[in-house]
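Asks: prediction below, plus the sequence it came from.
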Amino acid sequence: MRNVWQELSGLLLPVACAGCGRPRTELCAACGGALLGGSARRVRPSPTPTGLPAVWAAAPYENAVRAVLLAHKERGALGLAGALGRALAGCVRAGTGPLGVAAAPSGSGSPRAAAPLLLVPVPSARSATAARGHDPVRRIAFTAARELRRAGLPTRVLPLLRQRRAVADQAGLGARQRRANLAGALELTAAGERLLRRGLLRHDRVILVDDLLTTGSTLAEAARAVGEGRGGDGAPSVHGGCRAAVVAASPSAFEINRN
């Protein structure tokens with residue numbers, strides 16, 4: 001019911017840019033440029049948690065980008081999912097590189113279709129999803145997948161992770177506290193375990209997706225859960241493990257990687 005009201009309110013109430021408040025537009029050109037105007041870049045928080053996969057982000061989490069993400073996530077501005085999904089799709093393309101291109105079988109000159117990319121959203125707590133009336137990360141992931149398919153890159157969204165126990169609110173927690181809060185909190189769903197057993201889940205095609213990277217603890221835990229499901233130690237590698245893409249990351253994560 002809340003989703004219906006959110007959709008109707010977007011039609012009936014005055015619209016203002018989620019990034020700056022400019023009237024009569026949900027996302028103005030300037031704020032859209034802050035989100036989508038740059039190239040996706042590799043980011044790395046400091047300290048870097050053990051097991052964090054390679055992560056790409058579209059923009060620093062500040063100013064207009066921060067406001068847009070919060071408007072979509074907490075205030076139900078669902079129309080912003082299109083721009084956020086395009087930003088995430090750009091990060092997926094940057095992170096996959098040659099993995100997203102159709103390859104030829106070994107010893108053969110004839111091409112074959114690449115296996116689809118598998119976008120695995122980081123799960124939200126059920127209570128948070130119920131309070132918001134939607135799952136923001138999953139919504140952005142589906143939008144990104146559509147964008148990638150339009151560009152000719154086979155992509156699916158597979159919600160393969162779930163919370164196995166309750167976690168505390170992360171707001172206000174430092175990097176060490178977040179790692180402790182999330183340790184062992186995620187696991188594969190029954191469907192994910194079946195795909196692994198049947199050999200239908202290629203880890204080099206898995207892209208973990210989230211809206212935001214701060215300390216990296218959430219993505220490191222997600223990578224551990226995926227890696228543990230394959231019977232390994234959970235530590236990803238560039239060639240054989242999963243990768244990750246987020247819409248935004250802490251500004252310091254961009255600066256550290258630049259240096």
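Replies: Right, received. Where do you want to start? Source: prediction; values computed, not measured.
Asks: give me the neighbour count for Arg93.
Replies: A count of neighbours around Arg93, defined by other Cβ atoms under 10 Å, yields 19. Backbone N, C-alpha and C define where each C-beta goes, glycine included.
Asks: cool, Ser250 as well?
Replies: When neighbours are counted by other Cβ under 10 Å, Ser250 registers 20.
Asks: and what of Arg202?
Replies: 15.
Asks: once you drop chain neighbours, what's closest to it?
Replies: Ala115 (5.7 Å; Cβ to Cβ, 6 or more residues apart in numbering).
Asks: for that neighbour, give me its contacts.
Replies: Pro154, Arg202, Arg205 (Cβ atoms under 8 Å, 6 or more residues apart in numbering).
Asks: so what's the last one up against?
Replies: By that I understand Arg205. In this structure, Arg205 makes contact with Leu99, Ala115, Pro116, Leu117, Leu118, judged by Cβ under 8 Å, 6+ apart.
Asks: what is the end-to-end distance of stretch 127-139?
Replies: Terminal residues of stretch 127-139 lie 17 Å apart, using Cα to Cα, to the nearest Å.
Asks: circling back to that earlier point, format the contacts of Ala115 as TSV; extra columns: secondary structure, distance to Gly241 and pLDDT.
Replies: Rendered in TSV, the data for the contacts of Ala115 read as follows (DSSP: H, G, I helix; E, B strand; the rest coil; distance: Cβ to Cβ, whole Å; pLDDT from 0 to 100):
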residue	secondary structure	distance to Gly241	pLDDT
Pro154	coil	20	94
Arg202	coil	11	74
Arg205	helix	11	87
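Asks: dump these to TSV, plus distance to Cys20.
Replies: Formatted as TSV, the contacts of Ala115 follow (distance: Cβ to Cβ, whole Å):
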residue	distance to Cys20
Pro154	37
Arg202	42
Arg205	38
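Asks: break down the stretch 1-150 of the chain into its strands, ranges please.
Replies: 41-43, 55-60, 117-121 (DSSP state E, counting those that start in this stretch).
Asks: mind putting those strands into CSV with distance to Ala29 and mean neighbour count?
Replies: What follows is the strands of the stretch 1-150 of the chain, written out as CSV (distance: least, Cβ to Cβ, whole Å; neighbours: other Cβ atoms under 10 Å):
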stretch, distance to Ala29, mean neighbour count
strand 41-43, 22, 20
strand 55-60, 15, 26
strand 117-121, 28, 25
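Asks: and Gly76, which of those strands is closest to it?
Replies: Checking those against Gly76 by Cβ to Cβ gives strand 117-121 as the closest, at 17.9 Å.
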